[in-house]
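Trainee: need a 3D model of the sequence below.
(chains A, B, C, D, E, F, G and H)
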8 protein chains.
Amino acid sequence: MDNLKKVLQDFQAGKIDIDQATELLSGSSRLEYATLDLDRNRRTGFPEVVYGAGKSPEQLVGIFSRLREHQELVLATRINEEQAEAVLRHWPDVRYEKEARLLIGAQKPFEPVREGYVAIVAAGTSDWPVAQEAAWTVRCFGSEARVIADVGVAGIHRLFQRLDEIRGAAVIVCIAGMEGALASVLAGLVDKPVIAVPTSVGYGANLGGIAALLSMLNSCANGVAVVNIDNGFGAGYLAGMIHRQSV
Amino acid sequence: MDNLKKVLQDFQAGKIDIDQATELLSGSSRLEYATLDLDRNRRTGFPEVVYGAGKSPEQLVGIFSRLREHQELVLATRINEEQAEAVLRHWPDVRYEKEARLLIGAQKPFEPVREGYVAIVAAGTSDWPVAQEAAWTVRCFGSEARVIADVGVAGIHRLFQRLDEIRGAAVIVCIAGMEGALASVLAGLVDKPVIAVPTSVGYGANLGGIAALLSMLNSCANGVAVVNIDNGFGAGYLAGMIHRQSV
Amino acid sequence: MDNLKKVLQDFQAGKIDIDQATELLSGSSRLEYATLDLDRNRRTGFPEVVYGAGKSPEQLVGIFSRLREHQELVLATRINEEQAEAVLRHWPDVRYEKEARLLIGAQKPFEPVREGYVAIVAAGTSDWPVAQEAAWTVRCFGSEARVIADVGVAGIHRLFQRLDEIRGAAVIVCIAGMEGALASVLAGLVDKPVIAVPTSVGYGANLGGIAALLSMLNSCANGVAVVNIDNGFGAGYLAGMIHRQSV
Amino acid sequence: MDNLKKVLQDFQAGKIDIDQATELLSGSSRLEYATLDLDRNRRTGFPEVVYGAGKSPEQLVGIFSRLREHQELVLATRINEEQAEAVLRHWPDVRYEKEARLLIGAQKPFEPVREGYVAIVAAGTSDWPVAQEAAWTVRCFGSEARVIADVGVAGIHRLFQRLDEIRGAAVIVCIAGMEGALASVLAGLVDKPVIAVPTSVGYGANLGGIAALLSMLNSCANGVAVVNIDNGFGAGYLAGMIHRQSV
Amino acid sequence: MDNLKKVLQDFQAGKIDIDQATELLSGSSRLEYATLDLDRNRRTGFPEVVYGAGKSPEQLVGIFSRLREHQELVLATRINEEQAEAVLRHWPDVRYEKEARLLIGAQKPFEPVREGYVAIVAAGTSDWPVAQEAAWTVRCFGSEARVIADVGVAGIHRLFQRLDEIRGAAVIVCIAGMEGALASVLAGLVDKPVIAVPTSVGYGANLGGIAALLSMLNSCANGVAVVNIDNGFGAGYLAGMIHRQSV
Amino acid sequence: MDNLKKVLQDFQAGKIDIDQATELLSGSSRLEYATLDLDRNRRTGFPEVVYGAGKSPEQLVGIFSRLREHQELVLATRINEEQAEAVLRHWPDVRYEKEARLLIGAQKPFEPVREGYVAIVAAGTSDWPVAQEAAWTVRCFGSEARVIADVGVAGIHRLFQRLDEIRGAAVIVCIAGMEGALASVLAGLVDKPVIAVPTSVGYGANLGGIAALLSMLNSCANGVAVVNIDNGFGAGYLAGMIHRQSV
Amino acid sequence: MDNLKKVLQDFQAGKIDIDQATELLSGSSRLEYATLDLDRNRRTGFPEVVYGAGKSPEQLVGIFSRLREHQELVLATRINEEQAEAVLRHWPDVRYEKEARLLIGAQKPFEPVREGYVAIVAAGTSDWPVAQEAAWTVRCFGSEARVIADVGVAGIHRLFQRLDEIRGAAVIVCIAGMEGALASVLAGLVDKPVIAVPTSVGYGANLGGIAALLSMLNSCANGVAVVNIDNGFGAGYLAGMIHRQSV
Amino acid sequence: MDNLKKVLQDFQAGKIDIDQATELLSGSSRLEYATLDLDRNRRTGFPEVVYGAGKSPEQLVGIFSRLREHQELVLATRINEEQAEAVLRHWPDVRYEKEARLLIGAQKPFEPVREGYVAIVAAGTSDWPVAQEAAWTVRCFGSEARVIADVGVAGIHRLFQRLDEIRGAAVIVCIAGMEGALASVLAGLVDKPVIAVPTSVGYGANLGGIAALLSMLNSCANGVAVVNIDNGFGAGYLAGMIHRQSV
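Mentor: Numbering: from 1, shown residues only, chains lettered A, B, ... in the order given. Next up is the predicted model:
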């Protein structure tokens, strides 16, 4: 309601024109190939995020152009270098996190706005890019993200050495490929939600991450839920959401 | 019967030679590597369509050459750029819809020949190429195709805003990747057949489109049937067929 | 709109009480374990159908009781004998089609209300129960269903002998287990939509119907769409819907 | 540390004997076939939960006997009637939630100990047992659980009618079988974490719940994480944990 | 026995040296990375065939070099162009069938040595390379191979037009991708063994040929056996073997 | 042609009535739930075989009744005891091979009508029922079947002891569960076609016979083709067909 | 050689008759449905073990009868109660380990014949039957087996408490269902071979043990090899073999 | 304990500085993206091995740099040429085994330190790279590795010719792709542990090595355990470990 009122006031005051007002009232903005969800932030507390894979650079630029008019934060995932270049050519201030494959157009610096932090615990160095994707997503929520890398179960004392730091987090993202055992071990040691991300690190009977995915879904320890393979973004998103409401 | 009679009359009148007459009577035309189905249009109401994948440019040109003698419309699917160039070099009037990967050789403009339209409803921008393939196939049937892009369930109000347009269609093609939820939601809101196309948009546990495929096959809403992953052509074909008989 | 108006008039006239009016206005009716969709018929042209599997006899009776107040037709699928007995004990007029596992509570006889018919073409005798489920669903739509049994491709002349009857239908439901080849063969011979139902008839590498399902999804002939394994109801539903709008 | 100290004091004071003290110091208690984790509550905030499937009634009784000495709450999942009877014969105060297949031995009534509630949103009536399992697990955490049944996407207005109640929850558990579309739709409408539970409700290409599982893992809406098929307990556990820390 | 005797006679006569004699007596010839089976022809009636995939050009040349000393026919499958060039550089008389990916080093021309022929029936033009692989393998057995291309079930009259020729064969190889329906249809029409080859022609739910493979394994018609996906060689081999003994 | 003529002569001579003549001319006989293929023997050299699974005893009796009027041999597969009893109650002369789950109604004794034999080689004793199914099917073709049981590769000298007998066969059926290695070993030792039958003997990663199926499809030895899991009938059928034409 | 000589001497001395001598010389003994491998012990150091599943009680008795003539130890796996009763009726001295589903006919008591022991480490109580199968198999090798039950990773201190005992073993069998994480954790802590047995304990995405199997195959810790799901026997066998040669 | 003491003495003696001492006492060394396990050798008898896939050349160099300070042997697997070059640029003494894709930095020559050897038995020439990976890993354990190449079951006499050499080994690694039958055959002939490595050699229904993997897991011969597809390293590691303790 307040939302609608503000649009009408802005329109009356001449701050926005009739097309903009229409878009805002409808909560969406239409391109030939896209229908942007301008109402997403109001409903879910986070603006629409662009899924980069399968979009042409032209489409991506078109979408960025429209979203930047309406959103303080424009986040795009699964961005390859060609796509990134096309966007950066138009908006050099957009940040391209190459390892994480993220484009981040933000109007504010990434300072945590709340206490506490999210622990991003990764089993191996090869899980690093997924950990980065999760960490940057958490930061977009205004939370601090601490990455604890390469503490997989093959040398389990490495995990115990970091356990205080992990237990101190409000939410834990656990990232692991191969057999994904870290999620179960971790969940048995903490009293915080564990969001598990299976990765495609491995080969053969790893089946592109299916092994770790099944492993995490079948965790004998409780308090674990799972997102898609290599979906650091999704885990960071949920962690950010939980952290936001836990403080 | 009438069919056979006409061939014989044309032969007697010298309009076609004995080889052509033989082919027409047999309903097929033979190349070393292909046996073209000249009778397809009579049986199914639509001429043979060429499946491009796995054919050499030379084979494709050979097939086009023979089909164009017999058919007003020659449609080929899954055509890459190398194949398209080979065909266009011979017949510059053939239309290459690159996004849709279609070659269309037609002797008539694409004007709808009947009332009503087919709605092509796509969940995301990344589904755009499949939507184009469906739309152009519908047009080959002489029906109007309206593409309604990027109205997936993550921002479901976008779908409701277009619902009147969708409900006004005679048939609905629903295209979605990832979890393919749009098909079920849509089918619960309309009284028209929904032809669902799962796409390979997504990654990881998407399994190249299997996730969306299974989702659509298990729709809790009724009135949905499914075609192969990324098979915009197949959905457009069936939609065209249903529209043709519903007016 | 007319819908809402009528409820208010009936309420004012005392034909329905305030609880009933509330339900009708909301388009749903609530039990502890169920939320019945009273608005389904208005949106989709067919009332809510009850999925029997996994429901206790008590729940089923509760749902029937509430639905019969609001719907002329109450159809329930996947009903075992214990469930059927519980329902029939309350409403002896309800029809239990045991082979088809359907419960049908209807206030009108099953006379076709439109011209033409749906052909239900089944590959083998073992597909008979699925064919029956499809046929009765078509009849619930007020259309005639003709079952053409056991004309699978191992003896393909049996199919050709019935081809005129099949081609005369407005829509074709094609039911086959094992390798499901009938769908492709049939679709190459007709100019009507083919709704294919893979069945779980077979063993071993049949994988509970997956073989036929994949086969039908990959049909080399066009004009085929597929529903879930053994889903005679779903195919009959879509066929009924297409037939309804094609006359 | 405090933990260890208290054990020693109790031992010195004669409240516990040397065997009990040893067990408590080691944080575990040994039977021939089991090693009970007495330290679980301290580490994770919730005592060890017994997985019933595959255990003989005798083993189950042995485990209950030992755990009840140490834990205020003894929860066991996946309990069939034979197992339940064996346990109830010894401890008639234990509660057997048959639909949920849970045994709950608790020393306190189930009164919520904190504000707010967890919404358990289920797509269909057949998902009821899984919803019950989730709800009772949430209650074991001392949180209120509200079950919102049968609001699946086939009649999506049913979901919108309950949306305020769902949005009012601190955490949302979303339970759905068949295509599992409810999770994506729901997550696009709320600003709270959604823990999704795929169920095995369905048949054929449902693959025992795999279809819904894949669907939920590939949700196009953000803020969703997934637990194992039919794992109402696991979702209730995580929801309880998140709720506990969010107030 | 005769075999061993002949080696000893040749050795005594100085026709072969002691190393060659040892090899022949042992029935194998050793390289660092290979142990060639010189006895294969005696046991199975056909010499060892080289599987090209995964072998370096150097290894392939080494193997050819040794085999050509002992065998009249050296056949290698799954040969890419780089491998072919390496071999042809040493032995320009070796024949590279590029479509079929075969290298054939033979000392005799390919004249049929027995009556009758093998029919290679392929469903579509895209199956052509697999058909070629089968045909050349049959020819290596000294049998005539007749390729009947593109007679898939979408236009089933094309198959009937060639049925006499197919029925005239001693063995039938049936090659089809997509749904692989041709195998069942064909087997219902002939009284000869049908060796079915599923191909990877198709996409999406074709799963790289698994759809056709399952289809053929579940043929409702009898007299069909199946080889690996795209294994034209294997089918040609078995067909050649059957033809050899049937005349 | 001769076929048609004979029917007309018999009709004229009063040997058959008009209904029978019609059936014979059409090559099929119709029941409500079945369309029997009376022409199968003429086309394929073997009469229609009844697939028992999924048919009610009543349907089975109906089918037997009709087939026995027209065929000297009525063979039915996958027959359970209830079905067998229903058939034997009508025709006590029908033979029920319980292990093989076959019903055989024959008018002639099972004497081999040609020289040579088919070797049925089974890896383990648990494969015995499948071996029996294959053996009896071979006998229905008028060929001799010799079963060589339990010569799997774990004790490979058992195979070598029977190798002369196996090599003496015209065709070899190889039956194995678990890893199915016997097929490859055998095919490397013989110059006869090997029809391989994977069985569901095993557990766990055997996946109901899929392990053996994949193994046999990927045989490193040549001359092997595969039928469905546990399909002793199919293998016996093909073996009988090959033997028939090889003498 | 010595082997053969001894048979001849015994034959000459009249200790065995000519049939027995023939069997021993051939290393096998033939029944209609079985070919027993009397030479297994000589080749592999352990006599033939009978796989019970799929054998009739009669066949099992026949096999036991013959094997007991030749072997000191007759071990049979996967034996249900009906089979056990049939065997025990003939040989009451045979031991039926019901949980382990083993029949053990032995002429010596189970006293360890070498130093050291095999540790059987099981993750949960539900893995107990598989652990028993492994333990008894180890004992058949003459080694000591120590079962360490229920030390899964959800309460990892339980594992550390038993670590000295585990590290003291010569070989470790690790048994776990659900996500099977114990194998990786364990392998990272010991310098002994770990033979991992996935079990089917779990449900849903456990896929009957496939989750644990994949997990163990993808272990990030080294020194692990895996046997079939629930194959306690196979793991005990390999452990016994390794222990035998390590002392 | 001795371990800790030595660190403190070295620290006191000034041999190591305080950072190094801290690392050694903690048993790990931290980089931004890695936590190296310096304690691995003490626990498992073999130092940490680097998994190369998915690591950037920079990360790999960083890890090598740190590990070489602490370990005599630095082994890295799955190294591509770009990675190898980066490492060799810093440490030219590191050995790159290109076929095996291994980097080996060692301070001692590869002389066997114990009697006996490990036999690496490979089925085909295409399995050569995996065999090399296994052999070099065995050598890193200080054991002799003998590769016996291309003795697959298609020509089984090749295996028998090498059987004495294989039986003479202390442990056997068996490497095979396609159907992986070699493992079962081999295990039936030897009294030594067989570590089986399925390879991805093959195509189609080989499913990237899954066929061989399933085959080996279901071996009808006992004494076989399996590692991941193409995991020569893992098999060599376990073989080295077993050999180490068997002498």
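Trainee: got the domain ranges for chain A?
Mentor: Listed by automatic domain parsing, the domain ranges of chain A are A:2-106, A:117-246.
Trainee: most tightly packed of those domains?
Mentor: The highest mean neighbour count among the domains of chain A, using mean count of other CB atoms under 10 Å in any protein chain shown, belongs to domain A:117-246: a mean of 26. Using the backbone N, CA and C atoms, a C-beta is placed for each residue, glycine as well.
Trainee: that one and chain E in contact?
Mentor: No: among the residues of domain A:117-246, none lie within reach of chain E under CB under 8 Å from any CB of the partner chain; the closest is 13.7 Å away.
Trainee: do stretch A:63-77 and chain D meet?
Mentor: No: Stretch A:63-77 does not reach chain D (CB under 8 Å from any CB); its nearest approach is 10.1 Å.
Trainee: touching chain B at all, that stretch?
Mentor: Yes: on the criterion CB under 8 Å from any CB, stretch A:63-77 is in touch with chain B at A:I63.
Trainee: end to end on that stretch, go ahead and measure it.
Mentor: 13 Å (CA to CA, to the nearest Å).
Trainee: excluding sequence neighbours, find me the nearest residue to A:E23.
Mentor: Closest residue in space to A:E23, ignoring its immediate chain neighbours: A:S29 at 4.6 Å, by CB to CB, 6 or more residues apart in numbering or on different chains.
Trainee: now swap in A:A119 and tell me
Mentor: A:A119 sits nearest to A:A169 (CB to CB, 6+ apart), 3.6 Å away.
Trainee: is it true that that neighbour touches A:R146?
Mentor: Yes: between A:A169 and A:R146 there is a contact at 7.2 Å, judged by CB atoms under 8 Å.
Trainee: what do the two both touch?
Mentor: Common neighbours of A:A169 and A:R146 (criterion: CB atoms under 8 Å, 6 or more residues apart in numbering or on different chains): A:Y117, A:V118, A:A119.
Trainee: follow-up on the earlier one: would you mind giving the domains of chain A as a markdown table with mean pLDDT added?
Mentor: Shown next, in a markdown table, are the domains of chain A (pLDDT from 0 to 100):
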| stretch | mean pLDDT |
| --- | --- |
| domain A:2-106 | 93 |
| domain A:117-246 | 98 |
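Trainee: could I get those as a markdown table with distance to C:V247?
Mentor: A markdown table is the format used below for those (distance: least, CB to CB, whole Å):
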| stretch | distance to C:V247 |
| --- | --- |
| domain A:2-106 | 35 |
| domain A:117-246 | 46 |
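Trainee: between the ones you listed, which one is nearest to E:S246?
Mentor: domain A:117-246 (42.7 Å; CB to CB).
Trainee: quick one: end-to-end length of stretch A:181-199, please.
Mentor: 12 Å.
Trainee: just the helices in chain A please.
Mentor: Under the criterion DSSP state H, helices of chain A are mapped to A:2-12, A:18-26, A:40-44, A:57-70, A:81-90, A:128-140, A:157-161, A:163-167, A:182-187, A:210-217, A:232-246.
Trainee: redo these as a markdown table? Include distance to B:D17.
Mentor: Shown next, in a markdown table, are the helices of chain A (distance: least, CB to CB, whole Å):
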| stretch | distance to B:D17 |
| --- | --- |
| helix A:2-12 | 73 |
| helix A:18-26 | 63 |
| helix A:40-44 | 66 |
| helix A:57-70 | 51 |
| helix A:81-90 | 54 |
| helix A:128-140 | 66 |
| helix A:157-161 | 83 |
| helix A:163-167 | 84 |
| helix A:182-187 | 74 |
| helix A:210-217 | 60 |
| helix A:232-246 | 65 |
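Trainee: what about those, which gets the closest to E:D127?
Mentor: helix A:210-217 (30.7 Å).
Trainee: ok, is the closest one in contact with chain H or not?
Mentor: No: Helix A:210-217 stays clear of chain H (CB under 8 Å from any CB), getting no nearer than 9.3 Å.
Trainee: which strands and helices sit next to that helix?
Mentor: Judged by 3 or more CB pairs under 8 Å, 6 or more residues apart in numbering or on different chains; DSSP states H and E, helix A:210-217 is in contact with helix A:182-187, strand A:194-198, strand A:224-226, helix G:210-217.
Trainee: help me confirm that A:G152 comes into contact with A:G180.
Mentor: No: using CB under 8 Å, A:G152 is not in contact with A:G180; the gap is 9.6 Å.
Trainee: joint contacts of these two?
Mentor: Going by CB under 8 Å, 6+ apart, residues that sit against A:G152 and also against A:G180 are A:A123.
Trainee: might one say that A:N231 is in contact with B:G204?
Mentor: Yes: here A:N231 reaches B:G204: they are 6.5 Å apart, a contact under CB under 8 Å.
Trainee: okay, and the common contacts of those two?
Mentor: Common neighbours of A:N231 and B:G204 (CB under 8 Å, 6+ apart) do not exist.
Trainee: just to revisit the earlier point, so which of the helices of chain A gets nearest C:I18?
Mentor: Nearest to C:I18, of all the helices of chain A, is helix A:2-12, at 31.7 Å by CB to CB.
Trainee: can you check what angle separates that closest one from helix A:18-26?
Mentor: If you take axes from the mean of the first three to the mean of the last three CA atoms, to 10 degrees, helix A:2-12 sits at 170 degrees to helix A:18-26.
Trainee: picking that back up, chain E versus the residue nearest to A:A119, what's the distance?
Mentor: Note on A:A169: its distance to chain E, by CB to the nearest CB, to the nearest Å, is 41 Å.
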